[in-house]
Each structure stands twice: as C-alpha cells, then as structure tokens.
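# Please find the sequence and the predicted model below.
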Amino acid sequence: MATDAGIEIRNLYKIFGPNGLAHIDAVKQGMTKAELQSAHGHVLGLKNINISILPGCIQVVMGLSGSGKSTLIRHINRLIDPTIGEVLIGDIDVTKMSQKELLQFRRHQTAMVFQKFALLPHRTVLGNVVYGLEIQGAPRAKQEEAARYWIERVGLSGFEDNYPNQLSGGMQQRVGLARALTNDAPILLMDEAFSALDPLIRVDMQAILLDLQAETKKTIMFITHDLDEALRVGEKIAILQDGEVIQQGTGQDIVLNPADEYISNFVHGVNRGRVILVETVMQPLASSSNAKGPSILKSLCLEEAARLMSASSSNVAHVVDSDGKPVGNLAVQDVMSAIVVPVRHDDAANSGF
Amino acid sequence: MGWLTEFPAMNAESLRALKKAIDSGFRGFTRTYGEPIESLFLPVKYILIHTERFMIDTPWPIIILGIAAIAWVASRSPKIVAGTVIALLLIGYFDMWEDTMKTVSMTSVCGALAIAMGIPIGIAMSRSDRFQSLLKPILDVMQTLPSFVYLIPVVMLLGIGKVPGLLAIVVYSIPPIIRLTDLGIRLVDKDVLEAADAYGSSNWQRLRSVQMPLALPTIMAGVNQTIMLALAMVVVASMIGVGGLGQPVLKAIANQYFTLGMFNGLAIVCVAIIFDRVTQAYGRRLQKYQEVLHGN
C-alpha cells in the first residue's frame, strides 16, 4: 500500500438541505451562514475549503463545535457527499468514485477512529480489531495475526477476549486505534478521537499515536477542539470557524501570528515555550563570533532551550543546526520575551489612559 | 329533525344490494380461484400433516426428551428444563397427549413460518420509510380486526381444515415479528453503523455483522410474541377445524363441561409457558455481552 497518498482538498463546499446546490452561487458571492439559514432554511456546512496534506504528515483540523470539522473529515472517505468540490487522493477524486470504487477505497485506503469509539458491543476486542480485514475479505489467520500484533502495540495484550463494555474509555479507544491500524490503510482519519478521554489518558494516547506514527508514516487527518492537543500532535494545523478555514500553518505560525481576534483568543492561554522554536527567536549569526554557552539545536522548543541554559547557568547559548554547524545565538531575554504573551494593542491603550 | 336522533343511514335497499354485490363478487372469486389457490398451499399442507403425524407417532418418551433437549440448548437452565418435563408428564397423565402434540406441531410450524416471513419483511421495512408507512396500517388492521372476521373469507376460499387455519394463524401472529425486527434495526446505534460504513461494509456485510446482531434482542422479543400469538390463535382456529387442545375446549363451551374445559385450558397454559420461558431465556442468552459490566 503506497504511503505516498497525500490528500488534496480543493474548493470544497457543503450546504445541508434539500437543495444545497441551488444556493452555491449565493454562498460563493458572500452570503453568510446566518443569512442562508434564515432566508432559505439551508445550513452552510463548509465553505471554500482548500487544504493539502502531505503524505505521511499529521494535519490537525481544529475548531469549536459546530465549526464543521466533523463534516470536513467525513468528506475524505465520503461518508458525507460534498455539494461541490474535489477531494483528491493522489490523482483520484473521491467525490467522483462509483459506489463500488468507494467501498474498495474505504476498505483499503482509509481507516477511521471515532470520538465515541463506535466499537461493536457484541464482539470481543479481537473481534473488533479484525473488523476492517474481515470486511476486506482477508483470510482469517491473517486477520488474527495482524489484529494480535496491533492489540499488543496499543498495550492491550491479555484483553483480546474481553467485550468493550468491560474496558475503560481509554482502553476502548485503544481498541478503536488498533482496529484502524490493523486495516493497514495509508490514510488515517481521527475524528475527535481523544476528546472523550480524561486529560491524562488523552496525553497518553497522543504519545502512543505519535510513537506509532513515527514508524508507520500514515497520512493523518486529526480533528480536535483542543488547542494543546492540536499543537502537540499536528505538524500542520488548520483552524475552522463557521465552516471556513480562517488560518492554516504550523503550530508556531498560529501562535505567533494569529490571523484574527478569534484565534488570538484561542492561543492566549497556550504554553508558548512548548510551541515556539529556538530558530524563530535566535539572533542569526552575524560573523563567526566565538561560541558561548551550551550548544542548542535550532529545532528545539524554547522550554527545552531554557532548561538547557539554566542547567549550565549561562545567559547565552549558541544555536546549531542538525549538522552541528553554528547558525545563531540565543539570549535568555529573547527566550523570556518570546514566552511571555505579548500585550495586546487595546490593553496597552487602556493602561496608558 | 329526525336525522338528529336517528343516523341518516343508507337506505336498507341499497345496503342490501351492496352487501349482496360484494358477497357474490367474492363468491365468484372463490369459485374461479379457490382451487388454484388451494393447490398453492399443498406443500404447506404436506408439511403440516407430516409434522403432526411425527409428533403423534413418535413414542412419547422420545418427544419429551427431544423437547427437553431443545429447552436445554436454548435456555441452559435446569429449572426451565425440569419444569418443561414435569408439565409434559402431567399433560400426558391426564390423557391430553395427542391433542397437545397437535397444538404444539401446529404452533411450531405456523410460528416458524411467520418468523421466516416476518424477519425479511421487517428488514425491508427498516430500510425504507415509504415501505414502513405503507405496511404499518396493514399491520394495524391485521392485529385489530377480530380474528373471527377474517376466518370467514379464509373458510370461503379454502374451506375448513389445517391450511385455512394456518393462514389465519400466520396473519394473526406475524405483525409482532415484523414490527420488532424493523424497530430493532432502526434502533441500532448510528455511530456503530457509521463505523461499519467507514470501513467499507457493503449493505449485506453491514446487515449481517452489525445490524442483525445488535437488533437480535429486540427481534427475539418479536419471536416470543409471535409464537405466543400463534398458540393463542391455534386454539381459536379450532373453530375452523384445526385440531388440538382447542377442540375439547370448544366442546366444553358448547356442552358446559366445566372440568373438560379447565383441564384443556390448563394444558394450553402449560404449553404457552414452556414456549415463552424457553424463547425468552434464549433471547437473554444472546445478549450476554451486555451483562458483563465494566469494572470487574
């Protein structure tokens, strides 16, 4: 199975209602969600979505409830049909597949993990995990072999014969994850997969996911409403509001340059030390000055850098790239001012009164 | 003001003409199509006769053993099996064995037929809202129309005997299995169905490995109801010549034989309890996975 399957979403619109297509032009010309609702009784689900996900990359889509993120992820495997637009996997358009092609696509190219786990209650853990391969029609021995491998990888060995309602929420979602991984599909869709879990378990599951991703290199779309989770998991993040993407970029892009008030409210409480990278705040090397302090990798986050600097009790450090070549200097003041949330303009104006 | 106190009914002349027209129309239909329709039911008749003969001709200890074995397989409960055996022995001791076997065989065949037809109809009903809204009023009529009323056309069409009995029994007992199959499938968790879709299940795969197993407890309730109704109707259908425990009851009513009526009535109760307990215990066993709760 090719892992070079990127996902390219182009000009995707979804209008819910009996005759969504009729209102597409109005929406394109700027009709808002509220206007569409009150004038025509149709609900604007997604508006002009353009996201491209690189192969082997984790793309997070973040938004509050009602922002359309769950609608969006269901367009990738076409559990929801778009009103117009394209979803390209490689160069195949999911939206144009026949029913038969779609079944094959879902069986072999995608796997999905759900917020409410959606396990089969009448089947054991093993019975649930083999589900994808069973649907594919794989031989039973192969199904069980793969299932047992992934059950072990997600840390559920010994629970193969338990029923889902004998397991805690965290364990049930491990079953959900094992079911998805056993499917051996290059694309993994995670719809608020960890949102229903309590915070410690959630961090645990994120770690498992990142661990497994390091070796499987799947193309993942990860939906969440939790910014910390988005920043931890996502290589790229897209923020959705009222069915529109209002900002896309790396976690650092979003934290440093929030596109609007909405996002800056979102990122206000974020631990910036874990998001901003050394290379962003360092002073680039002007000349070959002598290297002072500890050497720090430029791709580290500021929190790590601060730890290294305080461990060697120095106020400055020199920054190196992955080959060990010096590229800049970092002073403690730079780290501190970057970690502290900048004073917003309106706050500054008020205090100056 | 006469029309206020007395309903302005259709005049007697035209009403009589209307009834006559319908009656003679139906009679004509029976004369023309009665025989082909009857021959349509020949295989069913064959099955009915042979099941009954089998139940009566087989030595009673074997029958009791067989029923006890079925009860055990279905319920895994020694209590239910013991109760079944005792009830059957008592029935035999009071000389109602043959009638009971007739009733049991008729109930089994009719119940099985109703279930075999009802489940697919219920599945079809769950898949289409239009079919559901079409079928619901028909099921309502089947359940509420007094059974004696539809015994009349059945008798006109097929005469008296086993086959018209079977027709009446199936019509009367099929609604619960259809309704509960439909309901059970519609109640299956939408999230689980979505998961089945997301993994590329075909309609058949989704039905077989998600919808049917999850709807099974509800469907089993329908099976239980259908069998109970079939049994109730087997007794009523004694009026159109279906043999079994209903016949002596009918005789007892006509002649005011209190004890005869009581004995046979109690035998019917025993058979009903056996059918009910065994199917219910089987239904409960099918949903075992729901009993083991998280935290043990």
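Received the coordinates, thanks.

# and the stretch 51-200 of chain A, which residues reach chain B?
Contact residues of the stretch 51-200 of chain A with respect to chain B, defined by Cβ under 8 Å from any Cβ of the partner chain, are listed as A:77, A:79, A:102-108, A:110-112, A:114, A:116-123, A:131-132, A:134-136, A:163, A:165-168, A:183, A:189. In short, each C-beta sits where N, CA and C put it, glycine included.

# Let's test this: mean pLDDT of the helix or strand B:Thr32 falls within, rounded?
B:Thr32 belongs to helix B:12-40 when assigned by DSSP states H and E. Predicted confidence along helix B:12-40 averages 88 (mean pLDDT).

# so which strand or helix has the residue nearest the centre of chain A?
By Cα atoms, centre = their mean, the mean C-alpha position of chain A lies nearest to A:Val60, the distance being 2.1 Å. In this structure, A:Val60 sits in strand A:58-62 according to DSSP H and E.

# Off-centre distance for that strand?
Taking the mean of its C-alpha atoms, strand A:58-62 sits 3 Å from the chain's own mean (Cα atoms, centre = their mean, to the nearest Å).

# Quick check: bridge partners of the residue nearest to the centre of chain A?
The residues paired with A:Val60 through beta bridges, assigned by DSSP bridges, are A:Phe222, A:Ile237.

# hang on, isn't B:Gly92 packed against B:Pro61?
No: using Cβ atoms under 8 Å, B:Gly92 is not in contact with B:Pro61, being 9.9 Å away.

# Just want to know which of the two has more residues nearby.
Neighbours per residue (other Cβ atoms under 10 Å in any protein chain shown) separate B:Gly92 from B:Pro61, with B:Gly92 holding more: 18 against 9.

# Would you mind stating the distance between the more buried one and chain A?
Distance, B:Gly92 to chain A, by Cβ to the nearest Cβ, to the nearest Å: 40 Å.

# any idea how far B:Thr144 is from B:Lys20?
B:Thr144 sits at a distance of 27 Å from B:Lys20 (criterion: Cβ to Cβ, to the nearest Å).

# Sorry, wrong one. I was asking about B:Asn11.
Summarising the geometry, the distance separating B:Asn11 from B:Lys20, computed by Cβ to Cβ, is 14 Å.

# circling back to that earlier point, out of the residues of the stretch 51-200 of chain A next to chain B, name the ones that lie in strands.
By the criterion of DSSP state E, membership of those in strands covers A:110-112, A:189.

# As JSON lines, these with neighbour count and pLDDT would be great.
Output for those, formatted as JSON lines (neighbours: other Cβ atoms under 10 Å in any protein chain shown; pLDDT from 0 to 100):
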{"residue": "A:Thr110", "neighbour count": "27", "pLDDT": "93"}
{"residue": "A:Ala111", "neighbour count": "27", "pLDDT": "94"}
{"residue": "A:Met112", "neighbour count": "29", "pLDDT": "95"}
{"residue": "A:Leu189", "neighbour count": "24", "pLDDT": "95"}
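
# Check which residues of the helix holding B:Thr32 are buried.
By neighbour count with 16 or more other Cβ atoms under 10 Å in any protein chain shown, helix B:12-40 contains the buried residues B:30, B:38.

# Check stretch A:19-39 too.
Buried residues in stretch A:19-39, defined by neighbour count with 16+ other Cβ under 10 Å: A:20, A:23-24, A:27, A:31, A:33, A:36.

# quick one: that stretch to chain centroid distance?
Relative to the centre of its chain, stretch A:19-39 is centred 29 Å away, using Cα atoms, centre = their mean.

# isn't B:Gln225 right next to B:Ile177, touching?
Yes: between B:Gln225 and B:Ile177 a contact is recorded at 7.2 Å, counting by Cβ under 8 Å.

# Compare the two (neighbour count), which wins?
Relative neighbour count places B:Ile177 above the other of B:Gln225 and B:Ile177, with 28 against 18, counting by other Cβ under 10 Å.

# Apart from its chain neighbours, what residue comes closest to that one?
Nearest residue to B:Ile177, sequence neighbours excluded (Cβ to Cβ, 6 or more residues apart in numbering or on different chains): B:Gly118, at 3.4 Å.

# give me every residue that touches that neighbour.
Neighbour list for B:Gly118: B:174, B:176-178, B:181, B:222, B:226 [criterion: Cβ atoms under 8 Å, 6 or more residues apart in numbering or on different chains].

# Now these in TSV, please, with extra columns for secondary structure and pLDDT.
What follows is the contacts of B:Gly118, written out as TSV (DSSP: H, G, I helix; E, B strand; the rest coil; pLDDT from 0 to 100):
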residue	secondary structure	pLDDT
B:Ile174	helix	95
B:Pro176	helix	95
B:Ile177	helix	96
B:Ile178	helix	97
B:Thr181	helix	96
B:Gly222	helix	94
B:Thr226	helix	94
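
# got the end-to-end distance for stretch A:5-22?
Its first and final residues considered, stretch A:5-22 spans 33 Å by Cα to Cα, to the nearest Å.

# How about stretch A:297-304?
10 Å.

# before we move on, the earlier item: would you show me how to pick out the buried ones of the residues of the stretch 51-200 of chain A next to chain B in PyMOL?
Applied in PyMOL, the following selects the buried portion of those according to 16+ other Cβ under 10 Å:
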select buried, chain A and resi 77+79+102+103+105+106+107+108+110+111+112+114+116+117+118+119+120+121+122+123+131+132+134+135+136+163+166+167+183+189
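
# Would you mind giving both backbone torsions of A:Asp260?
phi -150, psi -180 (degrees, to the nearest 10).

# For it, give me its contacts.
Going by Cβ under 8 Å, 6+ apart, A:Asp260 touches A:246-247.

# longest helix of the chain?
As the question left the chain open, I've gone with chain A. Longest helix in chain A by number of residues, with DSSP state H as the criterion: helix A:199-216.

# wait, chain B
For chain B, assigning by DSSP H, the longest helix comes out as helix B:97-127.

# quick one: whichever helix or strand comes after it to helix B:97-127, angle?
Stepping forward along the backbone from helix B:97-127, the first helix or strand reached (DSSP H and E) is helix B:129-144. Orientation note: helix B:129-144 sits at an angle of 150 degrees relative to helix B:97-127 (axes from the mean of the first three to the mean of the last three Cα atoms, to 10 degrees).

# returning to what we had before: flag every buried residue along the longest helix of chain B.
So, applying 16+ other Cβ under 10 Å, buried residues of helix B:97-127: B:97-115, B:118-119, B:121-123, B:125-126.

# cool, and stretch B:184-195?
Neighbour-count burial for stretch B:184-195, with 16+ other Cβ under 10 Å as criterion, is recorded at B:184-186, B:188, B:192-195.

# Within reach of chain A, which of the residues you listed are there?
Contacts with chain A within those, as defined by Cβ under 8 Å from any Cβ: B:192, B:194-195.

# Now A:Ala146: closest residue in space, sequence neighbours ignored.
Taking Cβ to Cβ, 6+ apart, and ignoring the residues beside it in sequence, A:Ala146 has A:Thr182 as its nearest neighbour in space, at 4.9 Å.

# so how far is chain B from the one you found?
10 Å.

# Quick check: that residue touching A:Trp150?
Yes: counting by Cβ under 8 Å, A:Trp150 is a contact partner of A:Thr182 at 4.7 Å.

# Residues that sit against both of those two, list them.
Shared contacts of A:Thr182 and A:Trp150 (Cβ under 8 Å, 6+ apart): A:Val129.

# higher neighbour count, these two?
Set side by side, A:Thr182 and A:Trp150 give different neighbour counts by other Cβ under 10 Å, the larger being at A:Thr182 (26 against 21).

# mind listing what that one touches?
A:Thr182 sits in contact with A:129-130, A:132-133, A:143, A:146-147, A:149-150, where contact means Cβ under 8 Å, 6+ apart.

# quick one: which of those sit in helices?
Secondary structure defined by DSSP H assigns A:129, A:132-133, A:143, A:146-147, A:149-150 of the contacts of A:Thr182 to helices.

# Near chain A, which residues of the stretch 101-250 of chain B are found?
Within reach of chain A by Cβ under 8 Å from any Cβ, the stretch 101-250 of chain B has these residues: B:189, B:191-192, B:194-195, B:197-202, B:205, B:209-210, B:213-214.
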